[in-house]
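1. Got a predicted model here, sequence first, then my questions.
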2 protein chains.
Amino acid sequence: MLKKLADLIIGKPLPNEQSSHERYNIPFGLAIMASDAVSSVAYAAEEILIVLIPIIGLASYYWLGWISFMIIALLSILTISYIQVIHAYPQGGGAYIVAKENIGLKSGLVAGSALLIDYLLTVAVSASSGIAAIISAFPHLSEYKVILAITIVIVLTILNLRGISESAKIFSIPAYLFIISMIFMIIYGFIKFYLYGAPTAMINEQIKATGDLSVFLILRAFSSGCSALTGLEAVSNSVPNFREPAQKNAKTVMIFLSSLIIFIFGGMSILSRFYHTIPVGYPTVIAQMAYAIFGQSFMFYVIQFATALILIMACNTAFTGFPMLMHTVGKDGFVPKQFTIKGKRLSFSTGIVALGIVACILIAVFDANNHDLMPLYSVGVFLSFTLAQAGMVKHWVNSKENGWIKRASINGFGAIITAGTTLIIAYEKFAHGAWMVIVIIPILVFSMIAIKKHYTNVAAQLKIENNELKNVNLDKNFSHIIIVPIASLNKATIATLEYARSLSKDIIALNVSTDIDAINELKKKWSELNTDILLVSKYSTYRTVIDPLLDYINQIANSASKNEKVTVMIPEFITHNSLGEILHNHTGFIIRESLLQNNNIIVSTYPYHVQDNTDIEI
Amino acid sequence: MLKKLADLIIGKPLPNEQSSHERYNIPFGLAIMASDAVSSVAYAAEEILIVLIPIIGLASYYWLGWISFMIIALLSILTISYIQVIHAYPQGGGAYIVAKENIGLKSGLVAGSALLIDYLLTVAVSASSGIAAIISAFPHLSEYKVILAITIVIVLTILNLRGISESAKIFSIPAYLFIISMIFMIIYGFIKFYLYGAPTAMINEQIKATGDLSVFLILRAFSSGCSALTGLEAVSNSVPNFREPAQKNAKTVMIFLSSLIIFIFGGMSILSRFYHTIPVGYPTVIAQMAYAIFGQSFMFYVIQFATALILIMACNTAFTGFPMLMHTVGKDGFVPKQFTIKGKRLSFSTGIVALGIVACILIAVFDANNHDLMPLYSVGVFLSFTLAQAGMVKHWVNSKENGWIKRASINGFGAIITAGTTLIIAYEKFAHGAWMVIVIIPILVFSMIAIKKHYTNVAAQLKIENNELKNVNLDKNFSHIIIVPIASLNKATIATLEYARSLSKDIIALNVSTDIDAINELKKKWSELNTDILLVSKYSTYRTVIDPLLDYINQIANSASKNEKVTVMIPEFITHNSLGEILHNHTGFIIRESLLQNNNIIVSTYPYHVQDNTDIEI
């Protein structure tokens, strides 16, 4: 039944042959990449103003310009650096691969962990921001924000389990809707400002300066604004997904993407200055600007709708990226093998489900408040930027290919700038949540190494060399002792004893009870049976049936010779409803797990099927 | 290791023989019963004022008197009614037993469910109120209220798992501390008022009338104040725990208890009127009164401390009552059998743990706010009062013993009054949370009936009559087909094949893989083995290994004759660390569960122990 439900939700399984790759042309590739990279401008200006306005009031709009300029400069450096990654890694060079191959395993794992965390945060942040856009248009929905954001994540999880990536061309529509409506708003906003000046923004009487401008404040605002650059590395990860000439197309998309971010982010920053938008949660800064420019008109709703859509799409890119990265890291043995197996619908279902669950928890814990999630976000992104750039420097130095000095210098400059930015973000955001990321990354790296060591150890112990195979003799002369734990004589225990008896003559029926009357009754019944099977009865003074049972079985197992195999055969009632599963077989489960853990005992389960009967009178 | 930890926290197991009963004399019995019944006056006056003050302002104090009088009248009726229950049920007559025996099974289950819910709420409400008393004395603790309340519940859970009931005499100290300090405060408060008049209470400028007096308002306040009467039925449940003459002693305690409640609750209500206490959350009404009467003196802290202690003790009565009731209902088969088994320390540990967990969830969900929990509380108490009284009427009518008409009339009057109160509470509190209780009770009753039917059905299907026993022949001539699912040839699979082969010559090694290369490699290795065991290899086009494996095994099982037993033997790596448990054997687990659920297949697990090795290089 569960399987039917799964089929209904996820769809019928797809055969291996249907695995195909629809490759991106430039406009489609741009749309796919834009959803993550461009959508982050939807909250970046807001994050800068949140830092500045409470301290320096109206002066914030002046500094917003400078900070945006710094971020755009950083973006330009990163764009050139990443074009070089595309050049060097036509097979797709995520920070994990670039750092691992060039710097070393641990750097690769640090970069991989940082990226994995960022994918998780992308889902939580983008879903929360998307809902913020919707709430800005429909304020009465604000009390449902957590449930709405979680609903988006659940729907995306299901869609990705079904495997939407193949029909993803439809996704370019909202990306272009967002891009075009933002460009239109910026141009219209400029024209309107020059013709009529700034109208009164929705709220601006709150602007009071309460503190002083300082370098720290500027750095803090800068580190907040760096969230605009998240998602930029996506192009270099996806080179093999582009149509041929893949590298050239990827580079073109990278340049278009950066230009779009510069235009939209820069334009937004200047317009924020004109229209004095203020971060208040809801409505968002974009919504305030749209309202100031278009009023409560059709275009206002288009902007909100397009913003929500592109942010939901940004969530979706993480649903592609996270399982892919888990697959890559998993093939190297650093995460559980389950993440490397494609599910029924040809998607990496374990990764998709894991991403969905963790993102929902993040949304619930942070109350769908993207401003609280932000400080966790950028530090990982910039850490992986830095490691990728540093890895590229070593790559060029080692390759000594034409122009390697120039190329190494570019990536080196990028590495220094992003390293500096990483430190600024880590320092400025430490107390606001970045410490969590800084704590979690080493834990993840440590866990990944432990997993790899575990897999290596198990494989080494299990391995049989090919030349040993012909000496293996499967026909051993084992004798068998079979122990059947029974609580009473009933049809299930009788059937189990029959089965055990047909495998070996050496059977022990073992009964442990806390009830002396029950023991006596069993002994009396047993005496009426026509059998020579030994019944061992034990009275437990401590009300635990399991401990004396395990003690007795382990004692027999310890005194068994090398050629004697001890098997414990547990009768289990199988009921065909969930109530039965809750009510029965807990003891059997505990016995089974304890015996397997502690000794060389084979544990067998003999099923006895009990039919449902709804006509029972009580 | 887990076991050692459990021993440390819960204590070493106690043998059956240590089970003894320390019986209550009158002063000790009064202390035990008072903790639940008397402690509820700590919040009852507050609950009445919360309803009245926002609507009718200062007039509230006048009506508080009348409502308290109505509640005291109700208390008197209940006291007389319950003395009759004690008379009729010397073996202890909880609402479950009285309703079940006299009215019918479903009424008993309704009463039992209502009582179970109330025990859960007693823990949550009393822990929250106890913390409220502490916060009133130390206001800066208020931000930790949820964690403090949950800590109390966890500590009580552990203490009860250790089995504190036997040394419970020490509990009479806080009960008498509370009783004596409350009596002292009331007398001192009266004297002070008559000598000096009322001092200004901590806060009273907030009293503004915003609405009109109405019958509904009075009823709502009355239904809130009825929380003062919770815990009253405890004496009648515990008759066998009293020293002989048990019934006479229990009746004496019942009368003392009612007198105490009347004095303390009545006195508190009148003093609230004099000193104009206002429910504001923290400080509580009792704290305000203590402050008004004693100032910030030593006695103020004594009152807060005694209130907190008695409320924690009230929690503890639920930790005795809930597992006992689960045990009683469980012996009748309406809840899982686990609840009827005494744990290592002779307490009903399953019930204790279940109570602790649900109470912690309630506290977390309701943010340790006892005012929000209150509406859920009284409706169940009064429902069980009503059913117990109605059951008693039938009891007297059927018994026809001396004076049955008088006795039936008394309980009948009690039943009518409590039924009316139940309806008032359900109506007035419906929207505030009572609906939850009204929804949950039928669900619980339905579940209990389903559990009983399930147990009855299973027992009927498993039963072997004594006269059939001598005809049972355990020596059947089964032949065995053993299927060993293998993913590759390694030491674990070789060991499993050896074991299987020693049980039967008819062995199939079954390999399902999504990787055609892996299949070919296994075939090649297999051919080098010196064996005639059949290797069946299947390529899975749908990337699921489990489904084709199950299909093949089920096919063999379906074509097996009646005398052929199909056994599936699963090799399992046992690693001695938790990482290994996470990483391995999920497939084995799913195969095992699916096969057991769907067919008459015996499933066996062959353990292969992999040693930990920390020297692995990667």
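-> That came through, no problem.
2. Please make it C-alpha for all contacts and neighbour counts, starting now.
-> Fine.
3. can you give me the mean pLDDT across stretch A:491-505?
-> The average pLDDT within stretch A:491-505 is 93.
4. Say whether chain B is contacted by it.
-> Yes. For stretch A:491-505, a contact with chain B is found by CA under 8 Å from any CA of the partner chain, at A:K491, A:A492, A:I494, A:L497, A:E498, A:Y499, A:R501, A:S502, A:L503.
5. Next, count neighbours for the spatially closest residue to the last one that is not a sequence neighbour.
-> Read that as A:L503. Nearest residue to A:L503, sequence neighbours excluded (CA to CA, 6 or more residues apart in numbering or on different chains): B:L503, at 6.4 Å. For B:L503, the count of nearby residues is 20 (other CA atoms under 10 Å in any protein chain shown).
6. Burial check on A:Y62, number of neighbours?
-> 12.
7. no, scratch that, I was asking about A:E143
-> 10.
8. Next, the contact list for it, please.
-> With contact set as CA atoms under 8 Å, 6 or more residues apart in numbering or on different chains, A:E143 has no partners.
9. A:Y275 contacts A:A292, doesn't it?
-> Yes. At 7.0 Å, A:Y275 counts as touching A:A292 under the criterion of CA atoms under 8 Å.
10. so for the helix or strand where A:S259 lies, what's the average pLDDT?
-> Counting by DSSP states H and E, the element that carries A:S259 is helix A:246-275. What helix A:246-275 shows for mean pLDDT is 91.
11. Tell me the buried residues in that helix?
-> A:246-251, A:253-275 (16 or more other CA atoms under 10 Å in any protein chain shown).
12. Any idea how far stretch A:300-309 is from the middle of the chain?
-> 27 Å (CA atoms, centre = their mean, to the nearest Å).
13. CA atoms only: put that stretch into PDB for me.
-> Extracted in PDB, the C-alpha atoms of stretch A:300-309 (Å, rounded to 0.1, in the frame of the first residue of the first chain):
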ATOM      1  CA  PHE A 300       3.500  45.900  -8.500                       C
ATOM      2  CA  TYR A 301       2.000  42.500  -8.400                       C
ATOM      3  CA  VAL A 302       4.000  41.300 -11.400                       C
ATOM      4  CA  ILE A 303       7.200  42.200  -9.600                       C
ATOM      5  CA  GLN A 304       6.200  40.400  -6.500                       C
ATOM      6  CA  PHE A 305       5.000  37.400  -8.400                       C
ATOM      7  CA  ALA A 306       8.200  37.200 -10.500                       C
ATOM      8  CA  THR A 307      10.400  37.700  -7.400                       C
ATOM      9  CA  ALA A 308       8.600  34.800  -5.600                       C
ATOM     10  CA  LEU A 309       8.800  32.600  -8.700                       C
END
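14. In contact with A:N249, which residues?
-> A:N249 neighbours (CA under 8 Å, 6+ apart): A:N25, A:I26, A:F242, A:R243.
15. Also A:I590?
-> A:I546.
16. State whether it is indeed within a helix.
-> Yes. Assessed by DSSP: H, G, I helix; E, B strand; the rest coil, A:I590 belongs to a helix.
17. tell me the SS of A:D475?
-> coil.
18. Closest to the centroid, which residue in chain A?
-> Using CA atoms, centre = their mean, the residue of chain A that lies closest to the mean C-alpha position is A:L355, 2.8 Å off.
19. So that one sits against A:L121, correct?
-> No. Shown here, A:L355 and A:L121 do not form a contact pair, counting by CA under 8 Å, at 9.7 Å.
20. Minimum distance to chain B, which residue of the stretch 101-250 of chain A gives it?
-> Proximity of the stretch 101-250 of chain A to chain B (CA to the nearest CA) peaks at A:L105, 9.4 Å away.
21. Could you check how far that residue is from A:V329?
-> 11 Å (CA to CA, to the nearest Å).
22. So which of those two has more stuff around it?
-> With neighbours defined as other CA under 10 Å, A:L105 and A:V329 compare such that A:V329 has more, 23 against 16.
23. From the contact counts, what lies against the helix or strand A:V235 falls within?
-> When elements are assigned from DSSP H and E, A:V235 belongs to helix A:234-237. Here helix A:234-237 touches helix A:59-88, helix A:246-275, going by 3 or more CA pairs under 8 Å, 6 or more residues apart in numbering or on different chains; DSSP states H and E.
24. got the contact list for it?
-> A:M33, A:Y82, A:I83, A:V85, A:I86, A:Y89, A:G92, A:G93, A:G94, A:A250, A:V253, A:M254.
25. Could you identify the most distant pair in these?
-> A:M33 and A:Y89 (17.7 Å; CA to CA).
26. Between those two, point out the one with more neighbours.
-> A:M33 (25 against 19).
27. Look up how far A:T320 lies from that one.
-> From A:M33 to A:T320 the distance is 12 Å (CA to CA).
28. ok, now A:A560?
-> Counting by CA to CA, the gap from A:A560 to A:T320 is 54 Å.
29. Of those two, which one has the most company?
-> A:T320 (19 against 14).
30. all strands of chain A, in order?
-> For chain A, the strands defined by DSSP state E occupy A:479-485, A:507-513, A:534-539, A:564-575, A:602-610.
31. Ok, which of those comes nearest chain B?
-> strand A:602-610 (3.9 Å).
32. can you give me the mean pLDDT across that closest one?
-> On average, strand A:602-610 scores 92.
33. That strand pairs with which strands?
-> Sheet pairing here is set by DSSP bridges, and for strand A:602-610 it gives strand A:564-575 (parallel), strand B:602-610 (antiparallel).
34. Adding distance to B:F348 and mean neighbour count, write those out as TSV.
-> Shown next, in TSV, are the strands paired with strand A:602-610 (distance: least, CA to CA, whole Å; neighbours: other CA atoms under 10 Å in any protein chain shown):
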stretch	distance to B:F348	mean neighbour count
strand A:564-575	25	22
strand B:602-610	33	23
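35. The stretch 351-500 of chain A: helices as residue ranges?
-> Secondary structure of the stretch 351-500 of chain A (DSSP state H, counting those that start in this stretch): helices at A:370-399, A:404-429, A:435-462, A:491-503.
36. Next: the stretch 101-250 of chain A.
-> Counting by DSSP H, counting those that start in this stretch, the helices of the stretch 101-250 of chain A are A:105-137, A:145-162, A:172-196, A:215-225, A:234-237, A:246-275.
37. burial count for the nearest residue to A:S126 once chain neighbours are set aside?
-> Once flanking residues are discounted, A:S126 sits nearest to A:L311: 5.1 Å by CA to CA, 6+ apart. A:L311 has 32 neighbours, counted by other CA under 10 Å.
38. wait, doesn't A:L311 sit right on A:V123?
-> No. Counting by CA under 8 Å, A:L311 stays clear of A:V123, with 9.1 Å between them.
39. what about chain A, any weak spots by pLDDT?
-> A:1-3, A:10, A:15-22, A:93, A:164-169, A:199-209, A:344-346 (pLDDT under 70).
40. Can you name the residues that contact A:K565?
-> A:F478, A:S479, A:H480, A:I481, A:I601, A:I602.
41. ok, back up a step: in ChimeraX, how would I select just the buried ones from the residues of stretch A:491-505 next to chain B?
-> In ChimeraX, this line selects whichever of the residues of stretch A:491-505 next to chain B come out buried by 16+ other CA under 10 Å:
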select /A:492,494,497,498,499,501,502,503
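42. Format the residues of stretch A:491-505 next to chain B as CSV; extra columns: distance to A:A73.
-> CSV is the format used below for the residues of stretch A:491-505 next to chain B (distance: CA to CA, whole Å):
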residue, distance to A:A73
A:K491, 79
A:A492, 76
A:I494, 80
A:L497, 79
A:E498, 80
A:Y499, 77
A:R501, 81
A:S502, 80
A:L503, 78
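43. I'd like to know which of the residues of stretch A:491-505 next to chain B is nearest to B:N471.
-> Checking the residues of stretch A:491-505 next to chain B one by one against B:N471 (CA to CA), the nearest turns out to be A:I494, at 11.9 Å.
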